[in-house]
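Colleague: sequence first, then the predicted structure, then my questions.
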Amino acid sequence: MQASAATPATTADASLAARAPMRAVLQSTYGSSDVLRVGTTARPRPSDDEVIVRVHAAGVARGDWHMMTGRPYLMRVMGFGFSAPKSPVAGMDVAGTVVAIGAKATRFAVGDEVFGVAHGAFAEYAAAREGKLARKPASVSFEDAAVSAVSGITALQALRDAGHLAPGQRVLVVGASGGVGTFAVQLARAMGAEVDGVCSASKMELVRSLGAREVFDYAKGGFTDGTRRWDLVLDVGGNTALALLRRALTPTGRLVFVGGEHGGDWTAGFGRPLGAMLLGLFVKQRFAMHATREVAVDIEHVARYLERGALKPPIDRRIGLDGVSAALRDLEAGRVRGKIVVVVGE
């Protein structure tokens, strides 16, 4: 549904056009969490295909750590900023209310409640391309919506597009207690699969609560002993050897690599999936490396799962802007169960 006719940069807040200051998590260089600071900066203005969102909540995702550190270095070459991030404000996952509309943006009106992917979500206001947003269902809280876009569409696309998941298949999610993994367990169940998970011992109960039938302790490695086989294995940011993962697959099963958090500062573990692609030329098992596409149509799919209760983000904690640095340290150290939400404003 299109918004009513809008003049360029239509706004519900006159101070927005005056570039009034806002609080935000700022970053001027790459590095550890010490490079982040809470300060003030000018509120953003929308480009032609953008809207401005008054942020109610934002989600902390693994991608925020990558943007903070600039690692793997390959991402700098790909256009995210060579010596410093292009966006001076950190954060991607956002939920809030539209307060301004770009000249060519037609999908939303001022006052719409939305969620999705933004530039600089850890702030009181954020700019977002309209093609990376969806309307927030009225029954879904801003907090739940804020942590759902990036992890939700990553899990959905990995299962549906890369994994070709069919109802009745058996799915194993390796890394089932993290942001993407917790969504993958729930979405696979909603898509009619039988789901098992792998995580650290301290997080096994969380994964069971999400609907996993059997949960394996990652440290013990029982899921690769060859006694059980799955039609689809999602390896979410893990580092299990390819030969062991193949033992968990049926003879014609499919292995999908979702990200790579180990393997060096340059490529962050791309070696395993690239090796798998070559091996796939000679065996019946199939291998895929998933790259997330930030598109509104899939954020809308996630919205529908949220609305009907098939998807419920597990919230580890709620923090303010001042807590983002510590949250990213905990994320890197593996001390997060599910998602962290940044509560910005009502």
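Modeller: Here it is on my side, so go on.
Colleague: what are the ranges of the strands in the stretch 1-150 of the chain?
Modeller: Remark: strands assigned in the stretch 1-150 of the chain by DSSP state E, counting those that start in this stretch are 10-11, 21-26, 37-42, 50-60, 93-101, 113-117, 125-129, 133-135.
Colleague: mean pLDDT for the ones you listed: which is lowest?
Modeller: Here the strands of the stretch 1-150 of the chain differ in mean pLDDT, and the lowest is strand 10-11 at a mean of 53.
Colleague: to residue 68, which of the strands of the stretch 1-150 of the chain lies closest?
Modeller: strand 21-26 (9.7 Å; CB to CB). Any C-beta I mention is one placed from the backbone N, CA and C, and that applies to glycine too.
Colleague: which strands and helices sit next to the closest one?
Modeller: strand 37-42 (3 or more CB pairs under 8 Å, 6 or more residues apart in numbering; DSSP states H and E).
Colleague: and the strand it packs on with strand 125-129, angle?
Modeller: 70 degrees (axes from the mean of the first three to the mean of the last three CA atoms, to 10 degrees).
Colleague: relative to strand 37-42, what are the paired strands and their orientations?
Modeller: strand 21-26 (antiparallel) (DSSP bridges).
Colleague: in TSV: the strands of the stretch 1-150 of the chain, plus mean neighbour count and distance to residue 313.
Modeller: Below are the strands of the stretch 1-150 of the chain laid out as TSV (neighbours: other CB atoms under 10 Å; distance: least, CB to CB, whole Å):
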stretch	mean neighbour count	distance to residue 313
strand 10-11	20	31
strand 21-26	21	21
strand 37-42	14	24
strand 50-60	28	8
strand 93-101	27	11
strand 113-117	27	11
strand 125-129	26	19
strand 133-135	24	15
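Colleague: in a markdown table: those, plus distance to residue 170.
Modeller: Shown next, in a markdown table, are these (distance: least, CB to CB, whole Å):
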| stretch | distance to residue 170 |
| --- | --- |
| strand 10-11 | 50 |
| strand 21-26 | 41 |
| strand 37-42 | 46 |
| strand 50-60 | 30 |
| strand 93-101 | 30 |
| strand 113-117 | 32 |
| strand 125-129 | 37 |
| strand 133-135 | 31 |
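Colleague: now the residue lying closest to residue 154 once chain neighbours are set aside: which helix or strand?
Modeller: Take residue 154 and drop its neighbours on the chain: the residue closest to it by CB to CB, 6 or more residues apart in numbering is residue 292, 4.5 Å away. Assigned by DSSP states H and E, residue 292 belongs to no helix or strand.
Colleague: tell me the contacts of residue 292?
Modeller: 150, 153-154, 157 (CB atoms under 8 Å, 6 or more residues apart in numbering).
Colleague: among the residues you listed, which lie within helices?
Modeller: Counted as lying in helices by DSSP state H, out of the contacts of residue 292, are 150, 153-154, 157.
Colleague: ranges for the helices of the stretch 101-250 of the chain?
Modeller: All helices of the stretch 101-250 of the chain, identified by DSSP state H, counting those that start in this stretch, fall at 142-146, 149-157, 179-190, 204-209, 242-247.
Colleague: want to throw those into JSON lines with mean neighbour count, distance to residue 90 and mean pLDDT?
Modeller: Formatted as JSON lines, the helices of the stretch 101-250 of the chain follow (neighbours: other CB atoms under 10 Å; distance: least, CB to CB, whole Å; pLDDT from 0 to 100):
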{"stretch": "helix 142-146", "mean neighbour count": "25", "distance to residue 90": "14", "mean pLDDT": "98"}
{"stretch": "helix 149-157", "mean neighbour count": "27", "distance to residue 90": "14", "mean pLDDT": "97"}
{"stretch": "helix 179-190", "mean neighbour count": "27", "distance to residue 90": "16", "mean pLDDT": "97"}
{"stretch": "helix 204-209", "mean neighbour count": "18", "distance to residue 90": "26", "mean pLDDT": "97"}
{"stretch": "helix 242-247", "mean neighbour count": "16", "distance to residue 90": "33", "mean pLDDT": "92"}
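Colleague: can you redo these as a markdown table with distance to residue 331?
Modeller: Below are the helices of the stretch 101-250 of the chain laid out as a markdown table (distance: least, CB to CB, whole Å):
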| stretch | distance to residue 331 |
| --- | --- |
| helix 142-146 | 16 |
| helix 149-157 | 12 |
| helix 179-190 | 8 |
| helix 204-209 | 15 |
| helix 242-247 | 24 |
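Colleague: show me where the stretch 151-300 of the chain has its strands.
Modeller: Under the criterion DSSP E, counting those that start in this stretch, the stretch 151-300 of the chain contains strands at 170-174, 194-199, 215-217, 230-236, 249-258, 286-290.
Colleague: could I get the ones you listed as CSV with distance to residue 304 and mean pLDDT?
Modeller: Shown next, in CSV, are the strands of the stretch 151-300 of the chain (distance: least, CB to CB, whole Å; pLDDT from 0 to 100):
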stretch, distance to residue 304, mean pLDDT
strand 170-174, 20, 98
strand 194-199, 19, 97
strand 215-217, 27, 97
strand 230-236, 21, 96
strand 249-258, 22, 95
strand 286-290, 21, 88
